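S.K.: Dropping a prediction and its sequence here:
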Amino acid sequence: MRLSRFFMPILKENPKEAEIVSHRLMLRAGMIRQQSQGIYSWLPLGKKVLDKVNNIIRQEQNRAGAIELSMPTLQSAELWQESGRYDAYGKEMLRIKDRQDRPMLYGPTNEEMVTDIFRSSVKSYKDLPLNLYHIQLKFRDEIRPRFGTMRSREFMMKDAYSFDLTREGAEHSYNKMFAAYLRTFDRLGLRAIPMRADTGPIGGNLSHEFIILADTGESEVFCHKDFVDFDIPAESTDFDSVEGLKAIFDKWTSLYAATSEMHDEAAFNAVPEGDRLSARGIEVGHIFYFGTKYSEPMGAKVQGPDGKEHFVHMGSYGIGPTRLVPAIIEASHDDNGIIWPASVAPFDIVVINMKAGDQACDDTCELIYAALTKAGKDVLYDDTDDRAGTKFATADLIGVPVQIIAGPRAVANGEVEVKDRKTGARETMTIEAAINRFVA
Ligand code: 5CA
């Protein structure tokens, strides 16, 4: 992508409304724009990162056996009256009427709708286990939307819903998502710790929040410090192995970890003092087992091997992609801007032409841009006629992991500079060596 033809409205000034660093940097880098309170557009640079986050989530959901579908944002109130949540959900639900005066709502979550899909076509235990997920916008009319897309009113959620014949089966489904979440957050460059959590309006009595430790987090959390170094389940994890996944779950729940709502002071004080971590955290995922809470009132049942009808045991599993993007920035930035982990960077490499219009610089940059693009790299080429200083500042701000810098002096020697955004290390090398480093 040539920067001269891209749409990346960088802000020079620090936006006054931004209270935390991720919100400030997302606005400055032209990733998002607020359209009304708590409702955001994702501009091209932000959309690229969000898509990469969603793809990693998708890969890990698929690996764990979940199946993707797409459900609508607008739902009929009738379904929610069946479960009893239409009245219970309160003011967070945006209620709408259509032209026939029928009550509708903008979905804050999808337990009812997916249960309706399930009951309309699944009749036998032989079709279980089943886990259906989608990545879709949600709306919650939060009292205090804040921190940009960290807590917004319209936000994206990956929500998965599992169906099993028995409680034991449902626990295995829960453990699959538990392990998939550990892998997902790790691939996003984050250390997320599962903590016992309150179930709120979703319900049930088994639930874990996945929390990233960050000073700007909204939750107060308490855990054993060893979680910071625990091993992540490998790519080769067998998601069909009941014992294997139970072992992962047992290990990751063997030490104390709880959010403030579930905090047990006495249990925490039993942890040796030097091992106690009391910190702030960002909730990036939340998983629930709630048994037959929805299947009973909505009549979602299957025939079991005993020939009798059984209400299915369900769980739901959420991740917030539009919250994850700022969470990654909170965990990875410096005074100059964002430092993206390679897995979600909007571009792999930025080529900086220090003197656009200079034939040698132009030719060198075009050569590198073409070679790396051909090799499958996603390259941003800063071909604008801004000053070199402005280009360096922009490249640092938007956090692309590698910068290849072509200035007249180096280019005259057949060389360019390669800068690592994270460490700041710079290396001068031949043009060919620079290309080879990223093609190989
Ligand atoms: N139905 C369940 C799981 S599918 C559910 O709704 N869970 S939740 O309420 O915990 O939300 C799941 C995830 O969505 C949260 O962990 C968080 O990452 C994200 N999320 C929730 N509310 C917001 C919000 N206002 N802004 C941004 N992300 C949010």
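M.R.: All right, it came through fine.
S.K.: Alpha carbons of the lengthiest strand in the chain, as PDB, please.
M.R.: When the chain is scanned for its longest strand (criterion: DSSP state E), the result is strand 276-291. The C-alpha trace of strand 276-291 is given here as PDB (Å, rounded to 0.1, in the frame of the first residue of the first chain):
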ATOM      1  CA  ARG A 276       0.500 -12.500  45.900                       C
ATOM      2  CA  LEU A 277      -0.300 -10.200  43.000                       C
ATOM      3  CA  SER A 278      -3.000  -7.600  43.500                       C
ATOM      4  CA  ALA A 279      -3.400  -5.500  40.400                       C
ATOM      5  CA  ARG A 280      -5.800  -4.000  37.900                       C
ATOM      6  CA  GLY A 281      -6.900  -5.900  34.900                       C
ATOM      7  CA  ILE A 282      -8.700  -5.800  31.600                       C
ATOM      8  CA  GLU A 283     -11.400  -8.500  30.900                       C
ATOM      9  CA  VAL A 284     -10.800  -9.700  27.400                       C
ATOM     10  CA  GLY A 285     -12.800 -12.900  27.500                       C
ATOM     11  CA  HIS A 286     -15.500 -14.500  29.700                       C
ATOM     12  CA  ILE A 287     -16.800 -18.100  29.600                       C
ATOM     13  CA  PHE A 288     -19.800 -19.500  31.300                       C
ATOM     14  CA  TYR A 289     -21.500 -22.900  32.000                       C
ATOM     15  CA  PHE A 290     -25.100 -22.400  32.800                       C
ATOM     16  CA  GLY A 291     -26.600 -25.900  32.400                       C
END
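S.K.: That one pairs with which strands, and in what direction?
M.R.: The strands beside strand 276-291 in its sheet (DSSP bridges) come out as strand 206-213 (antiparallel), strand 219-224 (antiparallel), strand 313-319 (antiparallel).
S.K.: Which strand or helix spans residue 11?
M.R.: Following DSSP states H and E, one finds residue 11 outside all helices and strands.
S.K.: ok, now which ones touch it?
M.R.: 27-28, 30 (CB atoms under 8 Å, 6 or more residues apart in numbering). The way it works is simple: take the backbone N, C-alpha and C, and place the C-beta from them, glycine included.
S.K.: Which of those residues sits closest to residue 254?
M.R.: Proximity of those to residue 254 (CB to CB) peaks at residue 27, which lies at 41.3 Å.
S.K.: which SS class is that closest one?
M.R.: helix (DSSP: H, G, I helix; E, B strand; the rest coil).
S.K.: excluding its backbone neighbours, what's nearest it?
M.R.: residue 15 (4.6 Å; CB to CB, 6 or more residues apart in numbering).
S.K.: can you give me the helices for the stretch 51-200 of the chain?
M.R.: Taking DSSP state H, counting those that start in this stretch as the test, the helices found in the stretch 51-200 of the chain are 77-83, 85-88, 111-121, 167-187.
S.K.: Looking at those helices, which is nearest to the ligand?
M.R.: In terms of CB to the nearest ligand atom, the element of those nearest to the ligand is helix 111-121, at 6.0 Å.
S.K.: Does anything pack onto the closest one? Which helices or strands?
M.R.: Applying 3 or more CB pairs under 8 Å, 6 or more residues apart in numbering; DSSP states H and E, we find helix 111-121 packed against helix 77-83, strand 130-139, strand 154-164, helix 295-298, strand 313-319.
S.K.: With distance to the ligand added, can I get the ones you listed in TSV?
M.R.: Shown next, in TSV, are the helices and strands packed on helix 111-121 (distance: least, CB to the nearest ligand atom, whole Å):
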stretch	distance to the ligand
helix 77-83	12
strand 130-139	7
strand 154-164	3
helix 295-298	15
strand 313-319	3
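S.K.: which residues does residue 372 contact?
M.R.: By CB under 8 Å, 6+ apart, the neighbours of residue 372 are 348-349, 351, 379, 435, 438-439.
S.K.: Those: which ones sit near the ligand?
M.R.: Applying CB under 6 Å from any ligand atom, the subset of the contacts of residue 372 adjacent to the ligand is empty.
S.K.: Could you dump those residues into TSV with neighbour count, distance to residue 411 and pLDDT added?
M.R.: TSV is the format used below for the contacts of residue 372 (neighbours: other CB atoms under 10 Å; distance: CB to CB, whole Å; pLDDT from 0 to 100):
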residue	neighbour count	distance to residue 411	pLDDT
348	18	22	98
349	23	17	98
351	29	12	98
379	24	18	98
435	20	14	98
438	17	18	95
439	12	20	92
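S.K.: so can I have JSON lines of these showing distance to residue 173?
M.R.: Below are these laid out as JSON lines (distance: CB to CB, whole Å):
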{"residue": "348", "distance to residue 173": "36"}
{"residue": "349", "distance to residue 173": "41"}
{"residue": "351", "distance to residue 173": "46"}
{"residue": "379", "distance to residue 173": "41"}
{"residue": "435", "distance to residue 173": "47"}
{"residue": "438", "distance to residue 173": "41"}
{"residue": "439", "distance to residue 173": "43"}
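S.K.: And these, which is closest to the ligand?
M.R.: The ligand lies nearest to residue 348 out of the contacts of residue 372, by CB to the nearest ligand atom, at 26.9 Å.
S.K.: Double-check that residue 9 belongs to a strand.
M.R.: No. Using three-state DSSP, the assignment for residue 9 is coil, not a strand.
S.K.: List the contacts of the residue lying closest to residue 237 once chain neighbours are set aside.
M.R.: Once flanking residues are discounted, residue 237 sits nearest to residue 179: 5.9 Å by CB to CB, 6+ apart. The contact partners of residue 179, taken as CB under 8 Å, 6+ apart, are 64, 233, 237, 239, 245, 248-249.
S.K.: Which pLDDT value does the model give residue 197?
M.R.: Looking at residue 197, its pLDDT is 88.
S.K.: show me the contacts for it.
M.R.: Counted by CB under 8 Å, 6+ apart, residue 197 has contacts 207-209, 258-259, 261-262, 283, 286.
S.K.: Next, format the contacts of residue 372 as JSON lines and append secondary structure.
M.R.: Converted to JSON lines, the contacts of residue 372 look like this (three-state DSSP):
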{"residue": "348", "secondary structure": "coil"}
{"residue": "349", "secondary structure": "strand"}
{"residue": "351", "secondary structure": "strand"}
{"residue": "379", "secondary structure": "strand"}
{"residue": "435", "secondary structure": "helix"}
{"residue": "438", "secondary structure": "helix"}
{"residue": "439", "secondary structure": "helix"}
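S.K.: Buried residues of stretch 224-241, list them for me.
M.R.: 224, 227, 232-233, 237, 239 (16 or more other CB atoms under 10 Å).
S.K.: and residue 414, how many residues sit next to it?
M.R.: 12 (other CB atoms under 10 Å).
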